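S.K.: have a look at this prediction, sequence included:
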Amino acid sequence: EAQVTQNPRYLITVTGKKLTVTCSQNMNHEYMSWYRQDPGLGLRQIYYSMNVEVTDKGDVPEGYKVSRKEKRNFPLILESPSPNQTSLYFCASLQRGGYEQYFGPGTRLTVT
Amino acid sequence: QKEVEQNSGPLSVPEGAIASLNCTYSDRGSQSFFWYRQYSGKSPELIMFIYSNGDKEDGRFTAQLNKASQYVSLLIRDSQPSDSATYLCAVNPLKGYNKLIFGAGTRLAVHP
């Protein structure tokens, strides 16, 4: 089954404790993105990747890091989480030349 | 001014009626336009995309694009209670292929 998976689905953590949210797709897509979704603000792009070892900032990259060492994986790293990073996070992938972004199931992160 | 604006709703329509969802965008150079449906607690799923002026129909859904007015809409005919969800308008600007700018979404409620 073609899919984007994210782990964990739910996470409660404390300020300053480093965490990684994993994202993996099995569709051999070149493009991958991370979004956060907040009430009243919609989905905002954090980082995106055009291919292995090619990443770039989206609209709200502050406080986040990413890496793309393999085509299928695109982890999101929060080195020192803060309460304003409490949000719902989605990973998405897109085939080169395609239109449809496939979204993962989401990770709900709470930072206290 | 937000880059992509939608009325947050809720838009309430009776079962069987036409639901009309609207979206305006600020970047006149935007290339393609998407409508996603998002059920509560779930990830967005693509309903339709459009990139040429005019109408595009797919089953009960019709997307309408007017680039001169920077306006895109989604019509849902014969609305069903299962259509109750938040509808997200997304725009792909000229500058980035993998970039989607989302509106905050319109909540649709279809009542029997």
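M.R.: Right, received. Where do you want to start?
S.K.: so which bits of chain B are right by chain A?
M.R.: B:4, B:8, B:32, B:34, B:41-46, B:49, B:88, B:90, B:96-105 (C-beta under 8 Å from any C-beta of the partner chain). Heads up, the C-betas are built off the backbone N, CA and C, glycines and all.
S.K.: selecting buried members of those residues in PyMOL, what would you type?
M.R.: Of the residues of chain B next to chain A, the buried ones can be selected in PyMOL as follows, counting by 16 or more other C-beta atoms under 10 Å in any protein chain shown:
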select buried, chain B and resi 4+32+34+43+44+46+49+88+90+98+99+100+101+102+103+104+105
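S.K.: residues from chain A in reach of chain B?
M.R.: For chain A, the contact set with chain B under C-beta under 8 Å from any C-beta comprises A:31, A:33, A:35, A:40-45, A:48, A:50, A:58-59, A:90, A:94, A:99-101, A:103-106.
S.K.: just give the closest residue to the residue most central in space within chain A, not the sequence neighbours.
M.R.: Centroid check for chain A by C-alpha atoms, centre = their mean gives A:Trp34 as the closest residue, at 3.1 Å. Closest residue to A:Trp34 apart from its sequence neighbours, by C-beta to C-beta, 6 or more residues apart in numbering or on different chains: A:Ile46 at 4.3 Å.
S.K.: my guess is the one you found contacts A:Asp56, does it?
M.R.: No: A:Ile46 lies out of contact with A:Asp56 (C-beta atoms under 8 Å); the separation is 10.8 Å.
S.K.: looking at these two, which is more packed in?
M.R.: Neighbours were counted for A:Ile46 and for A:Asp56 using other C-beta atoms under 10 Å in any protein chain shown; A:Ile46 has more, 25 against 14.
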